[in-house]
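Student: give me coordinates for this.
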Amino acid sequence: MMQTSALHGPRTRPLQAVLDEAAAAALRAPSVLNTQPWRWIVHERSLDLRADPTRRLTALDPEGRMLTVSCGAALDHALIALRVEGYPARVELLPDPHDPELLATIHPAAYRPAAAEDYWRYQTTLRRHTDRRPFGPDPVTEDQIAGLARAAFAHGVHLHVVETHQVPVLAAVAASAARTELADPAERAELNRWAHREPGAATGLPVDVTVPGTPRPVPLRPYAEDVEGRLEAGPGDDSGARYLILWGHQDGRRAWLRAGQALSAVLLTAAELGLGTSPMTDLVEVASTRLVLRRLLYWQGHPYVVLRIGVAAADLGVPGAHRLAHDEVVDVDRTSS
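Tutor: Okay, here's the model as predicted:
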């Protein structure tokens, strides 16, 4: 993506081309099981974010909760890409009550030179990846957690740090969520379909980005009973890991979109702070474990996402899942150009 500066002023190419690039940049956003459940419609002066029901987890996510959170993360990535091009934007969430798949419309404002932090944040979107390997013993500092909390609160979402005495409860929640999903034939089949992709697959989780079962304080989602990931766990044991719950006072599609934006901001901030991250969405997918998470929040609100954060145990590099191609998820409205 080309960059402009205050010295050169706004570029002369059409705004629609800039919006197209922003939609392409949003393809790097994280999503539940790497389903990438979004479509982008690029108009002459606006950009629509739509849910793609063909990539919805109908068994694991019947309400579309995690689909919507995933789309909120993509929305944040698109806005970052627009800012680095010099176009801050106004966003309408759920702009048409008669079109439930239309989740947001982005309206760019007048050109304004990007700030240095816009470039830094955009560069972080290029390198951020989920890391499912156990983290090492180095602690996450209180200053780092405060920075993550600020990133979430900028989107109206709160961050709860799971307290030491709550970690065994969280471990029980994770085990319960795993049992529940693997016990249901439809949910187990959906996990098999999305989590055992061959290396290089454009959607889902290839086996080379998931880790075999390994002892850790809070277990990660097992993707099936008979197939294990091929990514080496490394020397860590998650002894320095911290667990965060993103939460808010509202529960519904608008709140889930905000949660997705906050999730993107927290993940990118963590990457800038040198922290590894992995969302634990299964704890929120299951209604019974979601209720226990509310207890961990002291009934203050609704949990949106659980995050595991920490310092990598070794500099092994983080493999990233692949993404769909631009033309598979982005449509350009030629009638308006």
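Student: endpoint to endpoint, stretch 304-320 covers what distance?
Tutor: The first and final residues of stretch 304-320 sit 23 Å from each other (Cα to Cα, to the nearest Å).
Student: now that stretch, how far from the centre of its chain.
Tutor: Taking Cα atoms, centre = their mean, to the nearest Å, one finds the center of stretch 304-320 at 13 Å from the center of the full chain.
Student: could you give the mean pLDDT of it?
Tutor: Across stretch 304-320, the average pLDDT comes to 87.
Student: buried residues, that stretch. List them.
Tutor: 304-313, 318-319 (16 or more other Cβ atoms under 10 Å). C-beta here means a position set from N, CA and C on the backbone, and glycine is covered the same way.
Student: do the same with stretch 280-292
Tutor: Of the residues in stretch 280-292, those scored as buried under the neighbour-count criterion (16+ other Cβ under 10 Å) are 280-286, 289-290, 292.
Student: now, among those, which is nearest to residue 106?
Tutor: In terms of Cβ to Cβ, no member of the buried residues of stretch 280-292 lies closer to residue 106 than residue 281, at 25.0 Å.
Student: residues touching the closest residue to residue 264 other than its chain neighbours, list them.
Tutor: Leaving aside its sequence neighbours, residue 264 sits nearest to residue 76 (Cβ to Cβ, 6 or more residues apart in numbering; 3.7 Å). When the contact criterion is Cβ atoms under 8 Å, 6 or more residues apart in numbering, the partners of residue 76 are 29, 155, 260-261, 264-265.
Student: ok, now with 10 Å
Tutor: Neighbour list for residue 76: 26, 29, 91, 121, 125, 155, 257-258, 260-265, 267-268 [criterion: Cβ atoms under 10 Å, 6 or more residues apart in numbering].
Student: check residue 155 too.
Tutor: Counting by Cβ under 10 Å, 6+ apart, residue 155 makes contact with 72, 76, 246, 248, 257-266.
Student: between the buried residues of stretch 304-320, which is nearest residue 203?
Tutor: Top of the list for closeness to residue 203, among the buried residues of stretch 304-320 and by Cβ to Cβ, is residue 319 at 15.8 Å.
Student: state the distance from that closest one to residue 195.
Tutor: Residue 319 sits at a distance of 15 Å from residue 195 (criterion: Cβ to Cβ, to the nearest Å).
Student: do residue 236 as well
Tutor: Here the criterion is Cβ to Cβ. By it, residue 236 lies 22 Å from residue 195.
Student: of the two, which one has the most company?
Tutor: For residue 236 versus residue 195, neighbours defined as other Cβ atoms under 10 Å are more numerous around residue 236 (24 against 21).
Student: need the contact list for residue 311.
Tutor: Contact partners of residue 311, counting by Cβ under 10 Å, 6+ apart, are 135-141, 144, 236, 240-241, 273-276.
Student: then residue 45?
Tutor: Applying Cβ under 10 Å, 6+ apart to residue 45 gives the contacts 14-16, 19, 106-108, 336.
Student: can you flag the buried ones in the residues you listed?
Tutor: Among those, those classed as buried by 16+ other Cβ under 10 Å are 15-16, 19, 106, 108.
Student: quick one, phi/psi of the nearest residue to residue 15 once chain neighbours are set aside?
Tutor: When the adjacent residues along the chain are set aside, residue 15 lies closest to residue 45, with 5.9 Å between them (Cβ to Cβ, 6+ apart). Taking degrees, to the nearest 10, you get phi -130, psi 20 for the backbone angles of residue 45.
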